[in-house]
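K.L.:
3D, please:
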Amino acid sequence: MKLTPKAAAMEAVLFACGDPVEPERLASAIGVEKGALSQLADMLDDAYSENQSSLTLLRLGGSYQLAVRTEYYDCVKAAAENKKNAPLSPAAMEVLTIIAYNQPVTKSFVEHIRGIDSSSVVNSLVEKGLLEEAGRLEVPGRPIAYRTTSVFLRCFGLSDIDDLPPLPGHVKEDFEPLLTDISPDDTSAEGDEL
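P.N.:
You can find the predicted model right below:
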(Lines give C-alpha, C1' and ligand atoms only; values in the text may rest on other atoms or scores of the structure.)
Protein backbone atom coordinates (compact mmCIF):
# COMPACT_ATOMS: atom_id res chain seq x y z
CA MET A 1 0.00 0.00 0.00
CA LYS A 2 1.34 3.39 -0.99
CA LEU A 3 1.04 6.12 1.65
CA THR A 4 -0.53 9.46 0.85
CA PRO A 5 1.71 12.49 1.36
CA LYS A 6 -0.14 13.37 4.59
CA ALA A 7 0.19 9.83 5.97
CA ALA A 8 3.88 9.86 5.06
CA ALA A 9 4.23 13.24 6.79
CA MET A 10 2.54 11.83 9.89
CA GLU A 11 4.95 8.89 9.87
CA ALA A 12 7.94 11.23 9.48
CA VAL A 13 6.87 13.44 12.40
CA LEU A 14 6.23 10.46 14.68
CA PHE A 15 9.54 8.86 13.71
CA ALA A 16 11.49 12.08 14.32
CA CYS A 17 9.81 12.85 17.66
CA GLY A 18 10.15 9.38 19.15
CA ASP A 19 7.87 10.23 22.07
CA PRO A 20 4.06 10.35 21.97
CA VAL A 21 2.78 13.37 20.02
CA GLU A 22 -0.46 15.09 21.03
CA PRO A 23 -3.14 15.24 18.31
CA GLU A 24 -3.21 19.05 18.19
CA ARG A 25 0.55 19.28 17.68
CA LEU A 26 0.58 16.46 15.12
CA ALA A 27 -2.32 17.90 13.11
CA SER A 28 -0.69 21.33 13.08
CA ALA A 29 2.67 19.90 12.02
CA ILE A 30 1.32 18.03 9.01
CA GLY A 31 -1.34 20.58 8.06
CA VAL A 32 -4.56 18.62 8.62
CA GLU A 33 -7.60 18.90 10.83
CA LYS A 34 -7.38 16.98 14.10
CA GLY A 35 -10.28 14.76 12.99
CA ALA A 36 -8.30 13.51 9.96
CA LEU A 37 -5.61 11.94 12.16
CA SER A 38 -7.63 8.80 12.84
CA GLN A 39 -7.97 8.05 9.12
CA LEU A 40 -4.25 8.69 8.54
CA ALA A 41 -3.40 6.46 11.50
CA ASP A 42 -5.54 3.67 10.03
CA MET A 43 -3.72 4.11 6.72
CA LEU A 44 -0.36 3.71 8.50
CA ASP A 45 -1.64 0.64 10.36
CA ASP A 46 -2.78 -0.96 7.10
CA ALA A 47 0.52 -0.21 5.36
CA TYR A 48 2.55 -1.64 8.26
CA SER A 49 0.43 -4.82 8.31
CA GLU A 50 0.47 -5.28 4.54
CA ASN A 51 4.25 -4.81 4.33
CA GLN A 52 4.95 -6.87 7.46
CA SER A 53 6.76 -3.84 8.84
CA SER A 54 8.71 -3.94 12.08
CA LEU A 55 6.94 -0.69 13.01
CA THR A 56 3.60 -0.19 14.68
CA LEU A 57 1.54 2.88 15.50
CA LEU A 58 0.55 3.26 19.15
CA ARG A 59 -2.40 5.29 20.37
CA LEU A 60 -1.66 6.43 23.90
CA GLY A 61 -4.32 8.47 25.65
CA GLY A 62 -5.18 10.31 22.44
CA SER A 63 -1.54 10.81 21.45
CA TYR A 64 0.26 8.91 18.71
CA GLN A 65 3.66 7.23 18.82
CA LEU A 66 5.65 5.21 16.33
CA ALA A 67 7.23 2.13 17.92
CA VAL A 68 8.88 -1.17 17.11
CA ARG A 69 6.70 -4.29 17.19
CA THR A 70 7.24 -6.39 20.30
CA GLU A 71 8.75 -9.31 18.37
CA TYR A 72 11.72 -7.06 17.46
CA TYR A 73 12.22 -5.67 20.96
CA ASP A 74 15.15 -7.96 21.83
CA CYS A 75 17.08 -6.98 18.68
CA VAL A 76 16.59 -3.27 19.33
CA LYS A 77 17.45 -3.66 23.01
CA ALA A 78 20.67 -5.51 22.18
CA ALA A 79 21.74 -2.83 19.71
CA ALA A 80 20.92 0.00 22.13
CA GLU A 81 22.77 -1.67 25.00
CA ASN A 82 25.83 -2.27 22.84
CA LYS A 83 26.00 1.42 22.00
CA LYS A 84 25.22 2.55 25.53
CA ASN A 85 27.73 0.22 27.14
CA ALA A 86 30.51 0.79 24.63
CA PRO A 87 33.74 1.23 26.58
CA LEU A 88 35.27 4.68 26.74
CA SER A 89 38.39 5.26 24.70
CA PRO A 90 41.69 5.98 26.47
CA ALA A 91 41.39 9.60 25.31
CA ALA A 92 37.91 9.88 26.86
CA MET A 93 39.15 8.40 30.14
CA GLU A 94 42.06 10.85 30.13
CA VAL A 95 39.76 13.84 29.56
CA LEU A 96 37.33 12.64 32.24
CA THR A 97 40.19 12.26 34.70
CA ILE A 98 41.50 15.76 34.02
CA ILE A 99 38.07 17.33 34.40
CA ALA A 100 37.02 15.24 37.41
CA TYR A 101 40.11 16.17 39.42
CA ASN A 102 40.21 19.85 38.41
CA GLN A 103 36.61 20.85 37.70
CA PRO A 104 35.21 23.15 36.54
CA VAL A 105 37.64 23.61 33.65
CA THR A 106 37.61 24.67 30.01
CA LYS A 107 38.53 22.69 26.92
CA SER A 108 41.68 24.79 26.67
CA PHE A 109 42.71 23.67 30.17
CA VAL A 110 42.25 20.03 29.13
CA GLU A 111 44.13 20.64 25.88
CA HIS A 112 46.96 22.36 27.77
CA ILE A 113 47.46 19.27 29.92
CA ARG A 114 46.97 16.72 27.12
CA GLY A 115 48.88 18.68 24.50
CA ILE A 116 46.28 17.85 21.84
CA ASP A 117 42.91 19.14 20.63
CA SER A 118 40.22 17.62 22.84
CA SER A 119 37.07 19.24 21.46
CA SER A 120 35.59 16.10 19.93
CA VAL A 121 36.29 14.04 23.06
CA VAL A 122 34.69 16.67 25.33
CA ASN A 123 31.68 16.96 23.01
CA SER A 124 31.28 13.17 22.96
CA LEU A 125 31.38 13.02 26.76
CA VAL A 126 28.75 15.77 26.95
CA GLU A 127 26.54 13.76 24.55
CA LYS A 128 26.96 10.66 26.72
CA GLY A 129 25.88 12.71 29.75
CA LEU A 130 29.17 12.27 31.61
CA LEU A 131 30.07 15.98 31.38
CA GLU A 132 27.96 19.13 31.42
CA GLU A 133 28.44 22.84 31.00
CA ALA A 134 29.16 24.59 34.30
CA GLY A 135 28.83 28.17 33.09
CA ARG A 136 31.10 30.57 31.24
CA LEU A 137 34.33 32.17 32.35
CA GLU A 138 34.65 35.91 32.81
CA VAL A 139 37.56 36.17 30.37
CA PRO A 140 37.73 37.24 26.72
CA GLY A 141 35.78 34.84 24.54
CA ARG A 142 33.79 33.65 27.58
CA PRO A 143 34.76 29.98 27.17
CA ILE A 144 32.55 27.25 28.59
CA ALA A 145 33.65 25.50 31.77
CA TYR A 146 32.82 21.80 32.14
CA ARG A 147 32.19 19.54 35.11
CA THR A 148 31.20 15.94 35.67
CA THR A 149 27.56 14.90 36.14
CA SER A 150 25.55 12.57 38.32
CA VAL A 151 25.73 10.08 35.42
CA PHE A 152 29.54 10.16 35.78
CA LEU A 153 29.23 9.47 39.51
CA ARG A 154 26.82 6.58 38.92
CA CYS A 155 28.96 5.04 36.15
CA PHE A 156 32.06 5.13 38.31
CA GLY A 157 30.34 3.97 41.51
CA LEU A 158 30.81 7.26 43.37
CA SER A 159 28.28 9.00 45.58
CA ASP A 160 30.17 12.30 45.52
CA ILE A 161 33.07 13.74 43.54
CA ASP A 162 35.04 13.85 46.80
CA ASP A 163 35.00 10.02 46.73
CA LEU A 164 37.52 10.02 43.86
CA PRO A 165 40.69 8.22 44.91
CA PRO A 166 43.73 10.48 45.36
CA LEU A 167 46.02 10.76 42.36
CA PRO A 168 49.23 8.76 42.70
CA GLY A 169 52.21 10.92 43.70
CA HIS A 170 54.07 10.40 40.43
CA VAL A 171 51.08 11.67 38.43
CA LYS A 172 50.91 14.83 40.52
CA GLU A 173 54.64 15.39 40.08
CA ASP A 174 54.47 14.87 36.31
CA PHE A 175 51.69 17.41 35.85
CA GLU A 176 52.60 19.97 38.52
CA PRO A 177 54.60 22.14 36.05
CA LEU A 178 51.62 22.23 33.66
CA LEU A 179 49.21 23.23 36.40
CA THR A 180 51.28 26.22 37.53
CA ASP A 181 50.58 28.08 34.27
CA ILE A 182 46.84 27.47 34.30
CA SER A 183 44.92 26.72 37.44
CA PRO A 184 41.32 25.54 37.61
CA ASP A 185 40.90 27.92 40.55
CA ASP A 186 41.20 30.77 38.04
CA THR A 187 38.20 29.45 36.15
CA SER A 188 35.42 31.03 38.15
CA ALA A 189 32.47 30.44 35.89
CA GLU A 190 29.35 32.50 35.60
CA GLY A 191 26.18 30.49 35.23
CA ASP A 192 25.17 27.51 37.29
CA GLU A 193 26.30 27.55 40.87
CA LEU A 194 29.51 25.59 41.08
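
K.L.:
what residue ranges in the protein score low on pLDDT?
P.N.:
Scanning the chain for pLDDT under 70 picks out 82-86, 170-194.

K.L.:
Kindly report the domain assignment for the chain.
P.N.:
For the chain, the structural domains run 5-72, 90-190, going by automatic domain parsing.

K.L.:
would you list the ones you listed in CSV and tack on distance to E81 and mean neighbour count?
P.N.:
Every residue, glycine included, has its C-beta placed from N, CA and C. Output for these, formatted as CSV (distance: least, Cβ to Cβ, whole Å; neighbours: other Cβ atoms under 10 Å):
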stretch, distance to E81, mean neighbour count
domain 5-72, 15, 15
domain 90-190, 14, 15
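
K.L.:
possible to save those as CSV with distance to A78?
P.N.:
What follows is the domains of the chain, written out as CSV (distance: least, Cβ to Cβ, whole Å):
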stretch, distance to A78
domain 5-72, 11
domain 90-190, 19
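
K.L.:
Can you name the next helix or strand after the helix or strand containing A29?
P.N.:
In the assignment (DSSP states H and E), A29 maps to helix 23-30. Using DSSP H and E, the next helix or strand after helix 23-30 towards the C-terminus is helix 37-50.

K.L.:
how far out from the middle of the chain is the next helix or strand after that following helix?
P.N.:
Going down the chain from helix 37-50, the next helix or strand is strand 55-60, by DSSP H and E. From the chain centre to the centre of strand 55-60 is a distance of 25 Å (Cα atoms, centre = their mean, to the nearest Å).

K.L.:
just stretch 90-110 next, same as before
P.N.:
18 Å.

K.L.:
about what we covered before: residues in contact with the helix holding A29?
P.N.:
6, 9-10, 13-14, 21, 33-34, 36-37, 40, 62-64 (Cβ atoms under 8 Å, 6 or more residues apart in numbering).

K.L.:
mind redoing it with 6 Å?
P.N.:
Contacts to helix 23-30, defined as Cβ atoms under 6 Å, 6 or more residues apart in numbering, come from residues K6, A9, M10, V13, K34, L37, G62.

K.L.:
just those residues now: which is nearest A100?
P.N.:
V13 (40.1 Å; Cβ to Cβ).

K.L.:
The closest one: which element?
P.N.:
helix 5-17.

K.L.:
ok and that helix relative to strand 55-60, angle-wise?
P.N.:
Using axes from the mean of the first three to the mean of the last three Cα atoms, to 10 degrees, the inter-axis angle of helix 5-17 relative to strand 55-60 is 80 degrees.

K.L.:
In space, not sequence, find me the middle residue of the protein.
P.N.:
For the chain, the residue sitting closest to the mean C-alpha position, by Cα atoms, centre = their mean, is E127 at 3.7 Å.
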